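Student: Fold the following, please.
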Amino acid sequence: MTDRNEIPDFPDSTLSNCLLGRRRALGFGLGLVALGVASPIGSALAAMPQSGTRTLGFVNTHTDEKILATYWKDGVYDKGALKDINYVLRDHRTGEIAKMDPQLLDLLVDLHRRTGSRKAYQIISGYRSPKTNAMLASNSNGVAKHSMHMEAKAVDIRLYDVALTDLRDTAIGMKAGGVGYYGKSNFVHVDTGRVRRW
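Tutor: Numbers count the residues shown, from 1 in each chain. Model prediction:
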């Protein structure tokens, strides 16, 4: 049996395997989503290769769901893979699903590459509904009342094979959005908002 925090090392593959009980090869013909480069985030990620594939692995620490998805190939975002990712990154308290910002996914791919990790991201928090965010904000000073989690533009993460401080420092060095360090809670927050750190 596989450890809950692990998912197989990233393969060199153009297929996306949703590990939620269905496996399918993804079609890349119909769901084009253009990557805008007008924003600072887009500019920071513009150096990413514009051909090949972009694959992400996630383990949801609350639901134990695992996914390894190739969501982009040669400039085309795949709607099916994005839908699978959105499901795993949903608000686990309410079940609400939101469309995660594709630029956030691209940021995570670049961050993963820069750290040299071969493991899936552990997801502490992805999308957060206004109801969940209000509840968390009322119980903690560390939760913003207008959190970017509610806009599906933020995730709280850690990597099984990367020190938390290294993950933080690498994210800060990218200058691709907000980075928050929560050492006591063992996660790093990244978002596609303005460049800032806390």
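Student: Show me where the chain dips below the pLDDT cut-off.
Tutor: Scanning the chain for pLDDT under 70 picks out the ranges 1-47.
Student: what ranges do the helices span in it?
Tutor: 40-45, 79-88, 102-115, 130-139, 164-174 (DSSP state H).
Student: From the contact counts, what lies against the fourth one?
Tutor: Of the remaining helices and strands, none touches helix 130-139 by 3 or more Cβ pairs under 8 Å, 6 or more residues apart in numbering; DSSP states H and E. From N, CA and C alone the C-beta is placed, and that goes for glycine too.
Student: What residues sit buried inside that helix?
Tutor: 132, 133, 136, 137 (16 or more other Cβ atoms under 10 Å).
Student: just those now: which is nearest residue 192?
Tutor: Checking those against residue 192 by Cβ to Cβ gives residue 133 as the nearest, at 17.1 Å.
Student: Would you mind measuring from that closest one to residue 145?
Tutor: 7 Å (Cβ to Cβ, to the nearest Å).
Student: do residue 57 as well
Tutor: Here residue 57 is placed at a distance of 32 Å from residue 145 (Cβ to Cβ).
Student: Could you check which of those two is surrounded by more residues?
Tutor: residue 57 (23 against 11; other Cβ atoms under 10 Å).
Student: List the contacts of the residue nearest to residue 126 when sequence neighbours are not counted.
Tutor: Nearest in space to residue 126, with sequence neighbours left out and distances taken as Cβ to Cβ, 6 or more residues apart in numbering, is residue 89 at 3.0 Å. Residue 89 is in contact with 58, 60, 100, 123, 126, 127, 152, 155, counting by Cβ atoms under 8 Å, 6 or more residues apart in numbering.
Student: The fourth one and residue 159 touch, don't they?
Tutor: No: the pair formed by residue 123 and residue 159 falls short of the contact definition of Cβ atoms under 8 Å, at 11.0 Å.
Student: How about stretch 111-121, which residues are buried there?
Tutor: Those would be 111, 112, 115, 117, 119, 120, 121, for stretch 111-121 by 16+ other Cβ under 10 Å.
Student: quick one: contacts of that stretch?
Tutor: 5-7, 9-10, 56-59, 66, 68, 108, 155, 157-162, 166-167, 170-171, 173-174, 190.
Student: Only the C-alpha atoms, please, for it, written as CSV.
Tutor: Taking C-alpha atoms only, stretch 111-121 is exported to CSV below (Å, rounded to 0.1, in the frame of the first residue of the first chain):
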residue,chain,number,x,y,z
LEU,A,111,8.1,26.0,-8.7
HIS,A,112,8.2,22.2,-8.8
ARG,A,113,10.9,22.2,-11.6
ARG,A,114,13.0,24.8,-9.7
THR,A,115,13.0,22.7,-6.5
GLY,A,116,13.9,19.5,-8.3
SER,A,117,11.1,17.7,-6.6
ARG,A,118,9.9,14.3,-7.9
LYS,A,119,6.9,14.1,-5.6
ALA,A,120,3.4,15.3,-5.6
TYR,A,121,2.4,18.5,-3.9
